[in-house]
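1. predicted model, plus sequence, below.
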Amino acid sequence: MTQPSWIRDERGSATIWMVTAAFAMSILVGLAVDLGGQAHTQQRTHDLAAQAARTGAEEVLAAPAIEGRYAHIDTAAAGRAARSYLAQSGATGAVRVRGNRIHVRATDTYHTRFLSIIGITSVRVSGDAEAELVRSLNGEER
């Protein structure tokens, strides 16, 4: 007994559907992995900027602070300390000191795992943070 022609025409259609579905699912998983990796790198870069700003803000002009007159950031030392922190962490960035505030913008690169298949091999991310030197006595700003 032979099969009707419409049954023979359907052979292999399930295989094509499975290959297409598997390819689509692979793309979705790849996007999830790379977008998650980019978000993690973004968060890390913001944290690096915050820590570099804190490190820079700790560079205080010693003499007036010790004498109790005033506390000011040593601009040159603060910039060096913040840039050094970024360099040691493997990031780059820009540091700006104005008065008792230090602003750090850290930049880093996330190297993609799956998006490189379509030519996107890396994504640049950046994070900003600012720290301010505050003089306080008994918990009150002076």
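-> All right, it came through fine.
2. so the residue nearest the centre of the chain: helix, strand or coil?
-> The residue lying closest to the centre of the chain (CA atoms, centre = their mean) is residue 42, at 2.2 Å. With DSSP: H, G, I helix; E, B strand; the rest coil as the basis, residue 42 sits in helix.
3. skipping adjacent residues, who's closest to it in space?
-> residue 125 (4.5 Å; CB to CB, 6 or more residues apart in numbering). (C-beta placed from N, C-alpha, C; glycine too.)
4. helix or strand: which one has the residue nearest to residue 41 when sequence neighbours are not counted?
-> The shortest distance from residue 41 to any non-neighbouring residue, by CB to CB, 6+ apart, is to residue 110 (4.0 Å). Using DSSP states H and E, residue 110 falls within strand 101-111.
5. counting by contacts, list what that strand packs against.
-> helix 13-57, helix 75-89, strand 92-98, strand 122-132 (3 or more CB pairs under 8 Å, 6 or more residues apart in numbering; DSSP states H and E).
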